[in-house]
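Peer 1: Compute the structure for the input listed below.
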Amino acid sequence: MYRDSVTPQSLMLNFLGLYVFGRDTAVYSGSVIDVFGRVDVSEDAVRSTLTRMTARGLLTKHRNGRKVYFGLTPRATEVLRDGERRIWQTGALNTDWDGTWTLIGFSLPESRRSERHDLRSQLMWAGFGPVQNGLWIAPGHHDVTGMVEELGLAEHVTVFTAQHAKPTEAADLAHRAFDTAAIAARYRDFLARWGGPTPLETLPDDLARQLVLHSDWLELVRQDPHLPAELLDAEWPAIEAEQLFQSLARRYAQTATPLAEAAIESITIA
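Peer 2: Predicted structure coming up:
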């Protein structure tokens, strides 16, 4: 695969977001295999990913003759809608922070290690970071009711909003809860990877580059807690990286579309 840090499921979600989301269609499995072959994902990996995502309630399976097609479930649609919001609406910088933090405290015994892991993963996705053991924070107001209830942990979680007070400084909280140096480094890596005149020349075409670009960018923004601008360095690289992503995304939206139309077979579903 083109990069070990991005899983086939992450690539699949981005593919579905680009070419199935919002279309009321299901895509032929053979087409998915063809597209993923362009980014060096094997047929076995594609089939295994489609099977797992169907079992997890993210995909629906449809047959037309001897061919199998895959469409989105409502759950997958919500996941992709959230990804679309993060990519196109959230923005690289949080410029309207009012000084409020959302805090989540929890304590789960070792016997519930799996649930604890799920909660931490969901909190990271929602933009929270651990300020100390069992206490996670995120800037601004966050409604986590749905997330906590879906995990069945409402009785084990305490949620409240607050503002920091002396001697604690907001910037200190941000640096304790979030590895800002690592976040900045990931944006700089993105700029180095995609900033040349012809990025990722080893890939066969712009359909492959489009899929990799969106996968790279969503992986970046899902790891970015969207910290307030006043808590970050003046030369925060996310701004330049976002401009580069949007420029390339617009380019590939034009050049990859005819390639996708030729490669992807789909059917309309109700």
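Peer 1: As a check, name the ranges of all strands in the stretch 101-250 of the chain.
Peer 2: In the stretch 101-250 of the chain, the strands defined using DSSP state E, counting those that start in this stretch lie at 101-106, 129-132, 135-139, 157-162.
Peer 1: highest average neighbour count across these?
Peer 2: The highest mean neighbour count among the strands of the stretch 101-250 of the chain, using mean count of other C-beta atoms under 10 Å, belongs to strand 135-139: a mean of 22. From N, CA and C alone the C-beta is placed, and that goes for glycine too.
Peer 1: State the mean pLDDT of that one.
Peer 2: Computed over strand 135-139, the mean pLDDT rounds to 95.
Peer 1: Can you tell me which helices and strands that strand packs against?
Peer 2: In terms of contacts (3 or more C-beta pairs under 8 Å, 6 or more residues apart in numbering; DSSP states H and E), strand 135-139 is packed against strand 101-106, strand 129-132, helix 170-177.
Peer 1: With mean pLDDT and distance to A241 as extra columns, can I get those in TSV?
Peer 2: Shown next, in TSV, are these (pLDDT from 0 to 100; distance: least, C-beta to C-beta, whole Å):
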stretch	mean pLDDT	distance to A241
strand 101-106	96	26
strand 129-132	94	20
helix 170-177	92	19
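Peer 1: D143: which of these is closest?
Peer 2: Of all those, strand 101-106 sits nearest to D143, with 8.7 Å by C-beta to C-beta.
Peer 1: Please save the CA atoms from the closest one in PDB.
Peer 2: The C-alpha trace of strand 101-106 is given here as PDB (Å, rounded to 0.1, in the frame of the first residue of the first chain):
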ATOM      1  CA  TRP A 101     -13.200  24.400  27.900                       C
ATOM      2  CA  THR A 102     -15.400  21.300  27.800                       C
ATOM      3  CA  LEU A 103     -14.100  18.800  30.400                       C
ATOM      4  CA  ILE A 104     -14.900  15.100  30.600                       C
ATOM      5  CA  GLY A 105     -14.000  13.000  33.600                       C
ATOM      6  CA  PHE A 106     -14.300   9.200  33.600                       C
END
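Peer 1: Out of the strands of the stretch 101-250 of the chain, which is closest to P199?
Peer 2: strand 129-132 (30.7 Å).
Peer 1: Quick one: low-confidence residue ranges for the stretch 1-150 of the chain.
Peer 2: Scanning the stretch 1-150 of the chain with the threshold set as pLDDT under 70 gives 1-5.
Peer 1: from the middle of its chain, how far away would stretch 8-26 be?
Peer 2: Counting by C-alpha atoms, centre = their mean, to the nearest Å, stretch 8-26 is centred 13 Å from the centre of its parent chain.
Peer 1: what residues does that stretch touch?
Peer 2: 1, 27, 32, 35-36, 39, 41, 45-46, 48-50, 52-53, 60, 62, 69-72, 76-77, 79-81, 83-84, 210-211, 214-215, 218-219, 260, 264, 266-270 (C-beta atoms under 8 Å, 6 or more residues apart in numbering).
Peer 1: From those, keep the buried residues only.
Peer 2: Buried members of the contacts of stretch 8-26, scored by 16 or more other C-beta atoms under 10 Å, are 27, 32, 35-36, 39, 41, 45-46, 49-50, 53, 62, 69-72, 76-77, 79-80, 83, 210-211, 214-215, 218-219, 260, 264, 266.
Peer 1: This completes my enquiry, with thanks.
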